[in-house]
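> Take a look and give me a structure for this.
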Amino acid sequence: MTLDAFEKNQNAVGIFCAFSAYIIWGFQPMYWKAIITVDPWVVIAHRYCWTTLAIFLFIVLSGQWHSVVATARKFQKECWKFGVLALASLMALLNWWFNIYAPMNGHIVELGIGLFLTPLLSILLGVVFYRERLNIFQKISVSLAILGVAIMFWRFGTIPWISLGVSSTWATYGALKKRILLIPAVAIFFESLIAVPFALTFLYYVGESAFFARLGDFEFTAWALVGTGVITSVPLIAYTYATNYLPLNLLGFCQYLSPILVLCLGIFVYGEKFGWDEIFPMTLFGRGFLSTCLVPDSFILHRKRIEKSATQSSRTVALCFYADALQKPRKRSRHSVG
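Modelled structure (predicted):
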């Protein structure tokens, strides 16, 4: 396989993983609707337990257990990192609650609006906590998003707490994770593991001790709760691979697939209201997103020059390994002849 073919194959795998993750996330509200009779907190407790098991199996089978051990030792030396991870786990807990509560109570459209708002809040947190600089287009996008939220306040007469809750918790989660920079799968494992003792205690308290008996009776709800581990871990793992294979600008475009699917579910499948009160703020969000993407030619050319330079450097390193790999069989063949 040539180097160009190898790079194209990596891009194809990355795009497949990214689309898989965002499509699963986009259709997740249907899953929560299917177990609407279960309390959201019970769903979250099961989700933590089964996700931890699924991620554990993935780490062991992919040979990453040594990274878990190394991370645990790092936490012993730098306890503050474990504290930040625990806070990130709390943000994930709240975000999961919003994602489950909204579909179960007929707020899928508001959930979709919140998912559209999340990347813009992430930009804002990057400025506040990491002193990241915004170009003029990013400033426009954030300003339009803030204006859209203000209009939602005014038109609704109430705070769209689901939209703000799901976007703020996920953006804060990402900002905290950026502070400690751990291997994604390992970080997810520890985040879930932190909550497992509390989840098991809660499940015992609410009377879920007979859960495994329900599994033996092949009860749909019980097996659906087990499935929360799969429906949570699979997109997270796919997303991890996508971040390794794709540039962030392409991954950023892919992330809008999920809120679009969520909105379509709410409007066309479940018949939720989507009138001018929602359309106008969404237009501002959309214009804000486009202002970050549709930039002048000079900016694009500057970006391409930077990416071309980085690509040439990476190709040079890859060619060295590629050439070395081609030479090794020749050395072995000469030795065997001699």
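
> Is there a neighbour count for Tyr173? I'd like the number.
22 (other Cβ atoms under 10 Å). Quick note: C-beta positions are derived from backbone N, CA and C, even for glycine.

> cool, Arg73 as well?
10.

> where does the stretch 51-200 of the chain dip in pLDDT?
Applying pLDDT under 70 to the stretch 51-200 of the chain flags the ranges 138, 145, 149, 152-153, 155-158.

> And the helices in it, which stretches?
Secondary structure of the stretch 51-200 of the chain (DSSP state H, counting those that start in this stretch): helices at 65-77, 79-104, 108-130, 136-156, 161-180, 184-205.

> could you dump those to a markdown table with distance to Gly14?
Below are the helices of the stretch 51-200 of the chain laid out as a markdown table (distance: least, Cβ to Cβ, whole Å):
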| stretch | distance to Gly14 |
| --- | --- |
| helix 65-77 | 21 |
| helix 79-104 | 24 |
| helix 108-130 | 19 |
| helix 136-156 | 24 |
| helix 161-180 | 19 |
| helix 184-205 | 14 |
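
> Looking at the ones you listed, which is nearest to Trp50?
Comparing the helices of the stretch 51-200 of the chain against Trp50 with Cβ to Cβ, the closest turns out to be helix 184-205 (9.3 Å).

> what's the next secondary structure element after the closest one?
Using DSSP states H and E, the helix or strand that directly follows helix 184-205 along the chain is helix 211-216.

> Just the mean pLDDT for that next one, thanks.
Regarding helix 211-216, the rounded mean pLDDT is 76.

> which parts of whichever helix or strand comes after that helix are buried?
Going down the chain from helix 211-216, the next helix or strand is helix 220-245, by DSSP H and E. Neighbour counts over helix 220-245 (16 or more other Cβ atoms under 10 Å) mark 222, 224-225, 227-229, 231-233, 235-243, 245 as buried.

> what angle do helix 220-245 and helix 184-205 make?
With axes from the mean of the first three to the mean of the last three Cα atoms, to 10 degrees applied, the angle from helix 220-245 to helix 184-205 works out at 160 degrees.

> chain center to helix 220-245, what's the gap?
Relative to the chain's own centre, helix 220-245 is displaced by 11 Å; criterion: Cα atoms, centre = their mean, to the nearest Å.

> Does anything pack onto that helix? Which helices or strands?
When contacts are defined as 3 or more Cβ pairs under 8 Å, 6 or more residues apart in numbering; DSSP states H and E, helix 220-245 sits against helix 3-34, helix 40-61, helix 184-205, helix 211-216, helix 248-254.

> Could you rerun that using 10 Å?
Packing partners of helix 220-245 (3 or more Cβ pairs under 10 Å, 6 or more residues apart in numbering; DSSP states H and E): helix 3-34, helix 40-61, helix 79-104, helix 184-205, helix 211-216, helix 248-254.

> As CSV, those with mean neighbour count and distance to Phe137 would be great.
Formatted as CSV, the helices and strands packed on helix 220-245 follow (neighbours: other Cβ atoms under 10 Å; distance: least, Cβ to Cβ, whole Å):
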stretch, mean neighbour count, distance to Phe137
helix 3-34, 17, 23
helix 40-61, 20, 37
helix 79-104, 19, 28
helix 184-205, 18, 29
helix 211-216, 12, 51
helix 248-254, 14, 13
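
> Which of the ones you listed sits closest to Val142?
Among the helices and strands packed on helix 220-245, the nearest to Val142 by Cβ to Cβ is helix 248-254 (14.8 Å).

> Next secondary structure after the closest one?
helix 257-264.

> do you know how far Val226 is from Glu191?
Separation of Val226 from Glu191 (Cβ to Cβ, to the nearest Å) stands at 20 Å.

> Next, count neighbours for Leu115.
Counted with other Cβ under 10 Å, the neighbours of Leu115 add up to 23.

> hmm, back to that, between the helices of the stretch 51-200 of the chain, which one is nearest to Leu53?
In terms of Cβ to Cβ, the element of these nearest to Leu53 is helix 184-205, at 9.0 Å.

> Please name every helix or strand in contact with the closest one.
Contacts defined by 3+ Cβ pairs under 10 Å, 6+ apart place helix 184-205 against helix 40-61, helix 65-77, helix 79-104, helix 161-180, helix 220-245.

> what do you get if the cut-off is 7 Å, keeping everything else the same?
helix 40-61, helix 65-77, helix 79-104, helix 220-245 (3 or more Cβ pairs under 7 Å, 6 or more residues apart in numbering; DSSP states H and E).

> Out of these, which gets nearest to Gln10?
helix 220-245 (4.9 Å).

> what angle do the closest one and helix 257-264 make?
Angle of helix 220-245 versus helix 257-264, following the same axes, to 10 degrees, is 140 degrees.

> coming back round to it: minimum distance to Val13: which of the helices of the stretch 51-200 of the chain has it?
Closest to Val13 of those, according to Cβ to Cβ: helix 184-205, at 16.0 Å.

> Just give me how far that closest one sits from the chain centre.
Distance of helix 184-205 from its chain centroid, counting by Cα atoms, centre = their mean, is 18 Å.

> Then stretch 260-269?
The chain centre lies 19 Å from the centre of stretch 260-269; the measure is Cα atoms, centre = their mean.
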